[in-house]
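> Model the structure of this input:
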Amino acid sequence: MAAPLYAAAQLPHYGAIVDDKDVSMEYRKLGHSGIAVSVIALGTMTWGEQNSEADAHSQLDLALERGVNLIDAAEMYPVPPRPETQGLTERYIGSWLAAGGRRDRIVLASKATGPSADPQRPSHVRDGHCHFDRASLTAALDGSLRRLQTDYLDLYQLHWPDRNVNYFGMRDYPWRDDAPGSVEIAETLEVLQSFVTAGKVRAIGLSNETPWGLSRFLTLAEQQGLPRVVSIQNAYSLLNRSFEVALAEFSHREQVGLLAYSPLAFGRLSGKYEDGARPDGARLTLFERFARYNSPQSVAAATEYVALARRQGLSPAQMALAFVNSRPFVSSNIIGATSLAQLNENLDSAALTLDAATLEMIETIHRCIPNPAP
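Residues are numbered from 1 along each chain as shown. Below is the predicted model of the structure:
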């Protein structure tokens with residue numbers, strides 16, 4: 001999607017204002033919504049697990065100062081999802097908003113947890129009643145609004161599909177019938193329409209969605225006059241460029257921009273895990289469940305990208321993020337950090353433009369080890 005970019009001082013008033021202190025930040029239109037979002041978004045899934053409430057507030061302050069306006073949360077967060085911590089991420093954002101009165105300066109996004117029989121997906125959220133019907137989605141949205149201490153969301157996303165599908169690192173399609181209780185997409189769109197009509201949601205988006213799913217949402221919206229999806233939040237990084245195969249064309253032709261998550265592949269592209277290192281407090285050190293980028297092929301590819309960055313005199317993390325930032329189908333690149341130093345380094349990628357030689361060397365690695373992580 002060749003989305004128009006805006007310098008901070010030129011950003012139109014779309015209900016979210018950002019500081020113009022960081023002139024390197026760019027802003028891109030979020031589909032047909034009329035909302036402009038920073039090319040870097042602040043991810044929040046560590047807040048309440050690896051980060052305290054004070055940490056969260058400090059990150060929000062810094063991000064806002066640096067020109068970030070898109071804040072992405074989820075009712076499920078923090079991760080790993082546990083009953084004892086569920087909802088803390090949104091509560092931390094809510095307490096920040098209550099203390100600072102800066103609701104009109106951010107584009108606030110959250111996500112509704114979907115159903116799953118996968119033991120690693122949460123069954124404790126809403127007592128396990130997580131299909132996308134009216135009662136369940138209404139409970140999800142009202143819970144998020146209460147924790148966030150706001151009366152509306154700028155973007156409300158379905159965290160993963162309400163059907164059997166390959167998501168979260170699955171390569172193969174699960175050829176089986178949908179689980180009992182799965183809700184048809186048209187019914188879900190009707191519920192989301194009621195949220196928009198009530199003023200609780202400005203725009204809707206998808207997450208961990210497939211080309212078939214996105215096409216159905218768009219077709220039904222057009223046929224039945226229902227809300228149109230403006231974004232899709234899927235994994236995208238140097239280790240996983242599968243979005244380019246089929247979904248990127250939707251960005252180009254249908255104005256559905258990518259909100260890229262895991263752009264550093266759980267930190268593997270930062271170089272901190274090279275040679276088997278496991279730094280204290282790092283995600284892959286703390287949690288065995290995060291194995292999506294641990295295959296031998298992913299490790300080998302990451303080593304090549306990290307080495308390339310260092311040969312070019314670049315921070316490996318900034319090179320990986322700058323590549324994502326440069327893609328025409330990306331509306332915003334969702335970064336996460338557990339320290340302000342990490343956050344500052346990641347935010348600096350907004351000012352980095354990779355030269356043609358570096359981009360060609362990235363493509364050479366990609367051709368040799370294409371999409372090693374699903």
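
> Okay, helices next: where are they in this protein?
Taking DSSP state H as the criterion, the chain carries its helices at 53-65, 88-100, 134-148, 185-197, 211-224, 243-246, 248-254, 283-286, 296-311, 316-326, 340-347, 356-368.

> Need the residue closest to the centroid of this protein.
Residue closest to the mean C-alpha point of the chain, counted by C-alpha atoms, centre = their mean, is Tyr261 at 4.0 Å.

> how close does the closest residue to that one other than its chain neighbours sit to Gly31?
Closest residue in space to Tyr261, ignoring its immediate chain neighbours: Ile334 at 4.8 Å, by C-beta to C-beta, 6 or more residues apart in numbering. Every C-beta, even on glycine, is put in place using the N, C-alpha and C of the backbone. Using C-beta to C-beta, to the nearest Å, Ile334 is found at 16 Å from Gly31.

> nearest spatial neighbour of Ser24, skipping sequence neighbours?
Ala351 (3.6 Å).

> Now for that neighbour, how many residues are close by?
For Ala351, the neighbour count with other C-beta atoms under 10 Å is 14.

> how far away is it from Arg310?
19 Å.

> OK, contacts around Ala317?
The contact partners of Ala317, by C-beta atoms under 8 Å, 6 or more residues apart in numbering, come to Leu264, Leu269, Ser270, Gly271, Glu345, Asn346, Ser349.

> filter these to the buried ones?
Leu264, Leu269, Ser270, Gly271, Glu345, Asn346, Ser349 (16 or more other C-beta atoms under 10 Å).

> just those: which has the poorest pLDDT?
pLDDT across the buried ones among the contacts of Ala317 is lowest for Gly271, at 93.

> Surely that one touches Pro316?
Yes. Using C-beta atoms under 8 Å, Gly271 is in contact with Pro316, at 4.1 Å.

> Please identify every residue contacting each of the two.
By C-beta under 8 Å, 6+ apart, the residues touching both Gly271 and Pro316 are Val306, Ala309, Arg310.

> quick check, nearest of those residues to Gln255?
The closest of these to Gln255 turns out to be Ala309 (C-beta to C-beta; 32.3 Å).

> so who does that closest one touch?
So Ala309 contacts Gly271, Ser315, Pro316, Gln318, Met319, Ala320 (C-beta under 8 Å, 6+ apart).

> now Phe323
Here Phe323 is in contact with Leu238, Leu354, Leu359, Ile362 (C-beta under 8 Å, 6+ apart).

> Distance of it relative to Ser349?
From Phe323 to Ser349 the distance is 9 Å (C-beta to C-beta).

> repeat for Arg105
22 Å.

> now do Ser242
In terms of C-beta to C-beta, Ser242 sits 22 Å off from Ser349.

> Ile106 now?
Applying C-beta to C-beta to Ile106 and Ser349 gives a distance of 20 Å.

> in this protein, what residue sits furthest out from the centroid?
Arg311 (29.6 Å).

> Relative to Leu108, how far out is it?
Taking C-beta to C-beta, one finds Arg311 at 40 Å from Leu108.

> again with Gly313
Counting by C-beta to C-beta, the gap from Gly313 to Leu108 is 37 Å.

> Which one of those two is surrounded by more residues?
Ranked by neighbour count (other C-beta under 10 Å), Gly313 and Leu108 place Leu108 first, with 24 against 7.

> That one bridge partners, please.
As for beta bridges, Leu108 partners with Ile71 under DSSP bridges.

> what sits against it?
Ile71, Ala73, Ile93, Leu148, Thr150, Leu153, Asp154, Leu155.

> lowest-pLDDT helix or strand in this protein?
strand 5-6 (a mean of 35; mean pLDDT, DSSP states H and E).

> gap between the two ends of stretch 127-136?
Stretch 127-136 has an end-to-end distance of 10 Å (criterion: C-alpha to C-alpha, to the nearest Å).

> so how far is it off the chain centroid?
22 Å (C-alpha atoms, centre = their mean, to the nearest Å).

> swap in stretch 344-352?
That offset, for stretch 344-352, works out to 17 Å (C-alpha atoms, centre = their mean).

> So what would you say the end-to-end distance of it is?
13 Å.

> now do stretch 76-83
For stretch 76-83, the end-to-end distance is 9 Å (C-alpha to C-alpha).

> Show me what counts as buried in it.
Buried residues in stretch 76-83, counted by 16+ other C-beta under 10 Å: Met76, Tyr77, Pro78, Val79, Pro81.

> what pLDDT, on average, does that stretch get?
94.

> which residues are contacting it?
Residues contacting stretch 76-83 (C-beta under 8 Å, 6+ apart): 44-50, 85-90, 111, 113, 121-122, 124-125, 159, 287, 289.

> And for stretch 284-296?
50, 80, 120, 168-169, 235, 239, 262, 265-268, 273, 278-279, 283, 299, 302, 372-374.

> Of the helices of the chain, flag the one that's most buried.
Ranked by mean neighbour count, those are led by helix 316-326 with a mean of 23 (mean count of other C-beta atoms under 10 Å).

> what about dumping the CA coordinates of it to PDB?
Provided in PDB are the C-alpha atoms of helix 316-326 (Å, rounded to 0.1, in the frame of the first residue of the first chain):
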ATOM      1  CA  PRO A 316      21.300  -5.400  13.700                       C
ATOM      2  CA  ALA A 317      18.000  -4.400  15.400                       C
ATOM      3  CA  GLN A 318      17.700  -1.100  13.500                       C
ATOM      4  CA  MET A 319      18.500  -2.800  10.200                       C
ATOM      5  CA  ALA A 320      15.800  -5.400  10.700                       C
ATOM      6  CA  LEU A 321      13.300  -2.700  11.800                       C
ATOM      7  CA  ALA A 322      14.200  -0.300   9.000                       C
ATOM      8  CA  PHE A 323      13.600  -3.100   6.400                       C
ATOM      9  CA  VAL A 324      10.100  -3.600   7.800                       C
ATOM     10  CA  ASN A 325       9.500   0.200   7.900                       C
ATOM     11  CA  SER A 326      10.500   0.500   4.200                       C
END
